[in-house]
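Colleague: Fold the following and give me the result.
(chains A, B, C and D)
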2 protein chains.
Amino acid sequence: MNLSVTIKDVAKKANVAPSTVSRVIHNSPTISEKTKRKVRKVLKEMGYHMNENARNLVTKSTKAIGIVMKSSARESLYNPFFPEVIRGIGDFCNKEGYSLSLTTGETEDAIFEDVVKMVQGRRVDGMIVLYSKKDDKVVPYLLKQGFPFVLIGKPSTNMSGITFIDNDNVQAAREVSEFVINLGHERIAFLGGSPEFEVIQDRLTGFQQAMEQAGVDVRQEYIKLIPLNRTDGIKAIDELLELKEAPTAFLVMDLLLGVLLLGVLAEKNLKVPQQISVVCFNHSEFIEFLSTPLTTVDIHTYQLGYEAAKCVFDLIANPEMMEKSISIPTKIIKRESHFVAEKEIK
Amino acid sequence: MNLSVTIKDVAKKANVAPSTVSRVIHNSPTISEKTKRKVRKVLKEMGYHMNENARNLVTKSTKAIGIVMKSSARESLYNPFFPEVIRGIGDFCNKEGYSLSLTTGETEDAIFEDVVKMVQGRRVDGMIVLYSKKDDKVVPYLLKQGFPFVLIGKPSTNMSGITFIDNDNVQAAREVSEFVINLGHERIAFLGGSPEFEVIQDRLTGFQQAMEQAGVDVRQEYIKLIPLNRTDGIKAIDELLELKEAPTAFLVMDLLLGVLLLGVLAEKNLKVPQQISVVCFNHSEFIEFLSTPLTTVDIHTYQLGYEAAKCVFDLIANPEMMEKSISIPTKIIKRESHFVAEKEIK
DNA sequence: TTGAAAGCGCTAACAG
DNA sequence: CTGTTAGCGCTTTCAA
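Modeller: Numbers count the residues shown, from 1 in each chain, chains lettered A, B, ... in the order given. Down below sits the predicted model:
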């Protein structure tokens, strides 16, 4: 391992004071071009590189931002949200010369400990919390510490002072519902997602609003709020399809449930889009690999991450900044997973 | 923001020397229980927390390990490898009280810069490189620096002194080929993966070995080495299916290609497993959501990450350690995506 | 325009 | 068993 070259070493070799070397590194305007050239030469010759720890110690900044993952990274396994959002955050941080630090805990408590370590240990300048969960300790802690952080998602009720980035899920669901309604559908199913997530509540609201406005009844038996797994998914789908008046269209809350649905429909020989329309939240390039061209709602995960990073930087630069919330628009990516129902055709 | 409590503050309040506080924190046996109790009380009262930067500066360790991502995190987007391997690494690091630091660059050069910053800036104690690519600068750099690192994958040719973790892909492919051959298949296709990846070469070798040993001809037109995307995938699959003697079994190198294949087969009304057998590398829990029960090869991505982390810790603890390589076994997860061909039935 | 000196918060000899 | 002292490598007044 290369013995490390310090500012002192460089200073000695260049016949200047350490402080001068420091100034050259920071390109201070008070240093003559001549010395700068001289010092830079030695810097290069000796292969100098900054010891970030020393710098951080004195500047009290770390050039790193922390990312709080959902308890159990496992949950992120299924869908591309995690890598996509990291990519967004990473891109912005990279531009600013910042690095990323992840929590590694698996349980809620372990993650909380990670966060405390990052914050109190001054390992990061700011944090991005990748989830929003009720009764979670992380956000309240960060809030109490006055530590700069941004939440991706919607803060749970009655918390203020939080800057967050989210989609307008009410609006997105309304739009997509209108789209399906305008195709002529009236028997529309709302499939998937645990009701405890804000996201699902919002989308449900949007769905109901659209239905109401169109004067179409929302039938409770068409609404299936279920956890994201095969068993519950199959069960819900079967129940829906066995209804005397089975739905003609499905609003699916997650791509994986969409895949599941397509499988079941294929088994039952129900053709998409000829017999059933399907629209699915959380677009991913993955859908290109499916044989059925699925219409999806793109929530722009990358943007979510990118904007979150941006906000955290603003917050770091100006800690007294008012909290704000940013809404990332969603977009319907239309493919042929739906048909124009009779009502419309006539 | 909480003004930070330092060891000095605590020392003053507890009427001891800073070094004593430090010793208490590290639970040094040379401190009397009495002082320990006293100091610990003050520690708690004042909400003391270590400043890691200061500690790192003097101990020259960082309690963090760096992860080098593939250029373009985008590539990792499609499959669960990335989150899974991170989970494995993270679990181990968490046990050791280490945190993770990710490269954020998108281009090869940017990533290289990130690595240099991490290494020279002493931001991490060791690194894990998540890919193995020919002509990549990262591994040679780490090697030259004598910096502790572990490679996930197989080092490109003629590099020694590298500790790496990999699957035995030759063996895995041989096994899975034997499995398919034993089902009675002779027209077996090998689908997918750019030939420039070691992984693909190894699997191809294993496939050929198994075929040879079984005395079955390997037909070149059954081997399709293609990049992982819809267009090329569809093209290759179509070509295979249009052969006068189309394959009766497919060895697919990636889950996504498997999904694509299932779609095409369904469209052509070819039943899996009744008419065609499919075996797919890179198992993921995702396959539970597919309607066709696909037989897959589990490469144990989590383990790959976990073992890599372990190795890096060994290397950090003992830098002079001989390089070694660890092979993570693979496992065939049998489902019903294959049939027993006539040869066997008779 | 540059240098000297102090100190960031911590650890680690070395005394006592 | 505990205190004193001297840095780790860097930045930053303050003086010159």
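Colleague: who's in contact with the residue sitting nearest the centre point of chain A?
Modeller: In chain A, the residue lying closest to the centroid (CA atoms, centre = their mean) is A:V85, at 4.4 Å. Neighbour list for A:V85: A:L130, A:I152, A:T301, A:Y302, A:L304, A:G305, A:A308 [criterion: CB atoms under 8 Å, 6 or more residues apart in numbering or on different chains]. (Each C-beta comes from the backbone N, C-alpha and C, glycine too.)
Colleague: pLDDT score assigned to the fourth one?
Modeller: On the pLDDT scale, A:Y302 is placed at 92.
Colleague: Now it: which helix or strand?
Modeller: Using DSSP states H and E, A:Y302 falls within helix A:301-317.
Colleague: State the number of residues packed around the residue in the stretch 51-200 of chain A that DNA strand C sits nearest to.
Modeller: Of all residues in the stretch 51-200 of chain A, the one sitting closest to DNA strand C is A:V58 (3.6 Å; CB to the nearest atom of the strand). Using other CB atoms under 10 Å in any protein chain shown, A:V58 has 9 other residues around it.
Colleague: part of a helix, is it?
Modeller: Yes - the assignment for A:V58 (DSSP: H, G, I helix; E, B strand; the rest coil) places it in a helix.
Colleague: what's the spacing between it and chain B?
Modeller: As judged by CB to the nearest CB, to the nearest Å, A:V58 and chain B stand 9 Å apart.
Colleague: next one: A:P227
Modeller: 13 Å.
Colleague: do A:D114 as well
Modeller: Taken as CB to the nearest CB, the span from A:D114 to chain B is 7 Å.
Colleague: thinking again about what came up before, in the contacts of A:V85, find the pair that's most separated.
Modeller: Across the contacts of A:V85, the two members that end up farthest from each other (CB to CB) are A:L130 and A:Y302, 13.6 Å apart.
Colleague: now, which of the contacts of A:V85 sits nearest DNA strand D?
Modeller: Nearest member of those to DNA strand D, counting by CB to the nearest atom of the strand, is A:A308, at 27.5 Å.
Colleague: re the thing from before, among the contacts of A:V85, pick out the one closest to B:C280, please.
Modeller: Closest to B:C280, out of all of the contacts of A:V85 and judged by CB to CB, is A:T301, at 26.1 Å.
Colleague: Give me the nearest residue to the closest one, chain neighbours excluded.
Modeller: Nearest non-adjacent residue to A:T301, counting by CB to CB, 6 or more residues apart in numbering or on different chains: A:E84, 3.9 Å away.
Colleague: Isn't that neighbour up against A:H300?
Modeller: No - using CB atoms under 8 Å, A:E84 is not in contact with A:H300; the gap is 9.1 Å.
Colleague: which SS class is A:R87?
Modeller: Under three-state DSSP, A:R87 comes out as helix.
Colleague: pLDDT score for A:M50?
Modeller: A:M50 is given a pLDDT of 89.
Colleague: That one: which element?
Modeller: Applying DSSP H and E, one finds A:M50 in no helix or strand.
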